[in-house]
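K.L.:
I would like the atomic coordinates for the input below:
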Amino acid sequence: MSIDARPRDEAAALRRLERFAVFMDAALPVPGTSWRIGADALVGLLPGIGDGVMAVLALYPVLEARRLGVRRRTLARMLANIAVDFAVGSIPLAGDVFDAGFRANRRNVDLLRRTLAARRRE
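P.N.:
Got it, this is the predicted structure:
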């Protein structure tokens, strides 16, 4: 798609990405708390491979953003969120707690939503 992706395409992509972000960051309630965790925090518990697998999956919103024609600066910010999540999340124990709270996928979907809204206002 080009930079003038149709609003319907944007809306459909955002719906898909919302579901993805919930799955990755907030699918399951933590019993006895108001916290929710997702696949990113759970799979990230697997030593050595978990955070790497989740970082690769986290590229999906970046690919959608690129398809929708967002600026390179936005793509770079999204990649930075993934890099921080991967780097800090790789630290045993403390990284797992960080993973549950940082929510890189949610941040990236929110960033994309704001970027698309700003582009429509221009």
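K.L.:
the strands in this protein, which residues?
P.N.:
In chain order, the chain shows strands spanning 28-29, 36-37, with DSSP state E as the criterion.
K.L.:
winner for burial among those?
P.N.:
strand 36-37 (a mean of 18; mean count of other Cβ atoms under 10 Å). C-betas here are computed from N, CA, C, even on glycine.
K.L.:
Rounded mean pLDDT for it, please.
P.N.:
Taken as a whole, strand 36-37 has an average pLDDT of 90.
K.L.:
Closest to the centroid, which residue in this protein?
P.N.:
Averaging the C-alpha coordinates of the chain gives a centre point, and the residue nearest to it by Cα atoms, centre = their mean is N105 (1.5 Å).
K.L.:
show me the contacts for that residue.
P.N.:
F20, A21, M24, D25, G38, D40, A58, P61 (Cβ atoms under 8 Å, 6 or more residues apart in numbering).
K.L.:
Repeat the analysis, applying 7 Å as the threshold.
P.N.:
The contact partners of N105, by Cβ atoms under 7 Å, 6 or more residues apart in numbering, come to F20, A21, M24, D25, D40, A58, P61.
K.L.:
Can you check the pLDDT for the last one?
P.N.:
I take that to be P61. 97.
K.L.:
Skip the chain neighbours and tell me the closest residue to it.
P.N.:
N108 (4.6 Å; Cβ to Cβ, 6 or more residues apart in numbering).
K.L.:
check contacts around that neighbour.
P.N.:
Contact analysis of N108 by Cβ under 7 Å, 6+ apart lists P61, V62, M78, N81.
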